[in-house]
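predicted model and sequence follow; I will ask about them next.
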Amino acid sequence: MTTLVVAEHEAGALRPATLNVITAAKAIGNDITVLVAGQGAADVATAAGNIDGVSKVLHANDAAYAQEIAENLASLVLSVADGHTHILFAATAAGKNVMPRVAAVLDVSGISDITSVVSADTFIRPIYAGNAMATVKSEDATKVVSVRTTAFDPAAETGGSAAVETVAGAGASDLVEFIGEELSQSDRPELTSADIVVSGGRGMQNGENFAMLDEIAEKLNAAVGASRAAVDSGFVPNEYQVGQTGKVVAPNLYIAVGISGAIQHLAGMKDSKVIVAINKDEEAPIFQVADYGLVADLFDALPELSKALDG
Amino acid sequence: MKILVGVKRVLDYNVKARVNADKTGIELANVKMSMNPFDEIAVEEALRIKEAGNAEEVIAISIGSAQSQETIRTALAMGADRGILIETDELLEPLAIAKLLKHVVEKESPGLVLLGKQAIDGDNNQTGQMLSAMTGMAQATFASKVELDGDTAKVTREVDAGLESIKVKMPAVLTTDLRLNEPRYAKLPNIMKAKKKPLETIAVADTGVDVSSKLSVVEVNEPEQRKAGVIVSSVAELVEKLRNEAKVI
């Protein structure tokens, strides 16, 4: 019984999400094989072999995997799928893009975004924006699963000594061509793995005012996030969005500023350990999930908060 | 070119879902149901492509109970040309939905299939990708911009670190993200007209598609509730509590 974990990496390093997926794989209990697909990503494969709990690494080095093209990655996963009872992806944009293709070709149901492993065939996953938790049982021969990374601690990056085995590429689709990407550049921690997240909503009024959140984030070594309303209004780019259909975060501290707290936003942050809400509307639903609420005008509170963090 | 657009009837996005008494699912009796918001965006995009002269027909398809006709009528009132309902009272998983859509794709041969990236009930985010894999049509998910050029589509995709652009050959399956467009409201005269547009109903059994599933719901529970918090009176008190009580900064 072996579980295949499909690794993600960028800029020569594993994405933290893969470490969370490996913890989910450990909970399932099988031997763990990690698949690293990339071009010139041998160092990533080696790093994957060092992760605690990993017993084998499969490494495909091919131009077809220089970008995360769903068709190409799915073909590769399927080419090595035999002999694995579970195939796990991170529930990231990249993982969500590929997982269902693999499930469809294997003619099994995909199991999205699990937050808990009950047993090797039974999992818990949120539905309806996390307003309900469904326990689902799969009798498919292969369980094809995506894992909510914030629900599992990261596996230790050392302690393993798995051998790296080279596997052949599985071809490239001629239906799709990668053109380019515009990625946000930031020295800050990544939103989904940051210890502290400072998020702004419609109450921020414009993109310039997010500089106030940046200032606080800088002092707390936090990531900056946003509600859908702030993203739709063009204050900040899409990758800032926290919520049901954006990113799910569960930091130690989440500070929601000028966010009313729609169901869809709460779905993305209500598993944070400590939630602070700053909002001038004392009726805002965000206060219902906040551990500490401050009813105040954010334009008064933020400068004061920034100053208080210096002291 | 035809565009096939999927529309799902779901619990309205403003209604808080509550687990039913026997813990088998969500209470859906006497609550407001609406079109999945991502599907509204898909319908809008299909209509814009047609209005730009790049498609002749927009077909709205739903898979669900007889009441899903209302959802199809909404799409028709927005401007879709005709509707197809594959009728079932079972709650189908994405795998079965994708198989049924494939059945219709084979019959209708659309140049584009537009689907929401996820439905806000099951939150699976699977159907489009599955349909692409099953049919061999190209895949472009989480689209925030779609530009057609001959038999290719340039799609800007929302990914975790920003935006990515890919070019796919048509026929293709596209799934919509939130910022692709702002869907129009159906105007009253169009709502009236929509009642006369063709809507074909097919029983799942008549498709010959195997919709059985090996994934079953054991039970559905409320999530853990957070403990009630406190309202602090000042920024100073907030910082003091975060430092000394919660110890998170």
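Sure, I can see it. Numbers count the residues shown, from 1 in each chain, chains lettered A, B, ... in the order given.

show me where chain B has strands.
According to DSSP state E, chain B carries its strands in the segments B:2-6, B:9-11, B:33-35, B:57-64, B:82-87, B:112-116, B:138-149, B:152-159, B:162-169, B:172-176, B:199-203, B:215-221, B:230-232.

make JSON lines from those and add mean pLDDT and mean neighbour count to it.
(C-beta placed from N, C-alpha, C; glycine too.) Formatted as JSON lines, those follow (pLDDT from 0 to 100; neighbours: other Cβ atoms under 10 Å in any protein chain shown):
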{"stretch": "strand B:2-6", "mean pLDDT": "98", "mean neighbour count": "26"}
{"stretch": "strand B:9-11", "mean pLDDT": "98", "mean neighbour count": "23"}
{"stretch": "strand B:33-35", "mean pLDDT": "98", "mean neighbour count": "20"}
{"stretch": "strand B:57-64", "mean pLDDT": "98", "mean neighbour count": "25"}
{"stretch": "strand B:82-87", "mean pLDDT": "98", "mean neighbour count": "21"}
{"stretch": "strand B:112-116", "mean pLDDT": "98", "mean neighbour count": "29"}
{"stretch": "strand B:138-149", "mean pLDDT": "98", "mean neighbour count": "21"}
{"stretch": "strand B:152-159", "mean pLDDT": "97", "mean neighbour count": "22"}
{"stretch": "strand B:162-169", "mean pLDDT": "97", "mean neighbour count": "20"}
{"stretch": "strand B:172-176", "mean pLDDT": "98", "mean neighbour count": "29"}
{"stretch": "strand B:199-203", "mean pLDDT": "98", "mean neighbour count": "14"}
{"stretch": "strand B:215-221", "mean pLDDT": "98", "mean neighbour count": "16"}
{"stretch": "strand B:230-232", "mean pLDDT": "97", "mean neighbour count": "15"}
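
correct me if wrong: A:His241 contacts A:Ala226.
His isn't right for residue A:241; it's Gln. Yes: the pair A:Gln241 / A:Ala226 is scored as a contact, 5.9 Å apart, by Cβ atoms under 8 Å.

quick check: which element contains A:Phe123?
Using DSSP states H and E, A:Phe123 falls within strand A:122-127.

can I get the strands of chain B in a markdown table with distance to chain A?
Shown next, in a markdown table, are the strands of chain B (distance: least, Cβ to the nearest Cβ, whole Å):
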| stretch | distance to chain A |
| --- | --- |
| strand B:2-6 | 14 |
| strand B:9-11 | 7 |
| strand B:33-35 | 13 |
| strand B:57-64 | 16 |
| strand B:82-87 | 18 |
| strand B:112-116 | 10 |
| strand B:138-149 | 4 |
| strand B:152-159 | 4 |
| strand B:162-169 | 4 |
| strand B:172-176 | 8 |
| strand B:199-203 | 22 |
| strand B:215-221 | 4 |
| strand B:230-232 | 5 |
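
turn the ones you listed into CSV, including distance to A:Phe178.
As requested, the strands of chain B are arranged in CSV below (distance: least, Cβ to Cβ, whole Å):
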stretch, distance to A:Phe178
strand B:2-6, 25
strand B:9-11, 33
strand B:33-35, 33
strand B:57-64, 29
strand B:82-87, 34
strand B:112-116, 20
strand B:138-149, 11
strand B:152-159, 11
strand B:162-169, 6
strand B:172-176, 15
strand B:199-203, 38
strand B:215-221, 33
strand B:230-232, 49
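
tally of neighbours for the closest residue to A:Gly201 other than its chain neighbours?
Residue nearest to A:Gly201 in three dimensions, not counting chain neighbours: A:Ile259, with 3.3 Å by Cβ to Cβ, 6 or more residues apart in numbering or on different chains. Neighbour count for A:Ile259, taken as other Cβ atoms under 10 Å in any protein chain shown: 31.

surely A:Ile259 forms part of a strand?
No: secondary structure of A:Ile259 (DSSP: H, G, I helix; E, B strand; the rest coil): coil, not part of a strand.

ok, it - contacts?
Counting by Cβ atoms under 8 Å, 6 or more residues apart in numbering or on different chains, A:Ile259 touches A:199-203, A:227, A:265, A:277, A:279, A:284, A:286.

tell me which of the strands of chain B lies nearest to A:Val164.
strand B:152-159 (27.3 Å; Cβ to Cβ).

quick one, what contacts B:Glu164?
Listed by Cβ under 8 Å, 6+ apart, the contact set of B:Glu164 reads A:67, A:178, A:180-181, B:156-157.

and it, how close does it get to B:Gln118?
Distance of B:Glu164 to B:Gln118, given as Cβ to Cβ, to the nearest Å: 18 Å.

what sits against the residue positioned nearest the centre of chain B?
Per Cα atoms, centre = their mean, the C-alpha nearest to the average position across chain B is that of B:Gly116, at 3.3 Å. Counting by Cβ under 8 Å, 6+ apart, B:Gly116 touches B:6, B:8, B:36-39, B:41-42, B:175-176.

could you dump those to JSON lines with distance to A:Ile51?
What follows is the contacts of B:Gly116, written out as JSON lines (distance: Cβ to Cβ, whole Å):
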{"residue": "B:Gly6", "distance to A:Ile51": "39"}
{"residue": "B:Lys8", "distance to A:Ile51": "39"}
{"residue": "B:Asn36", "distance to A:Ile51": "38"}
{"residue": "B:Pro37", "distance to A:Ile51": "39"}
{"residue": "B:Phe38", "distance to A:Ile51": "35"}
{"residue": "B:Asp39", "distance to A:Ile51": "40"}
{"residue": "B:Ile41", "distance to A:Ile51": "39"}
{"residue": "B:Ala42", "distance to A:Ile51": "39"}
{"residue": "B:Thr175", "distance to A:Ile51": "32"}
{"residue": "B:Thr176", "distance to A:Ile51": "36"}
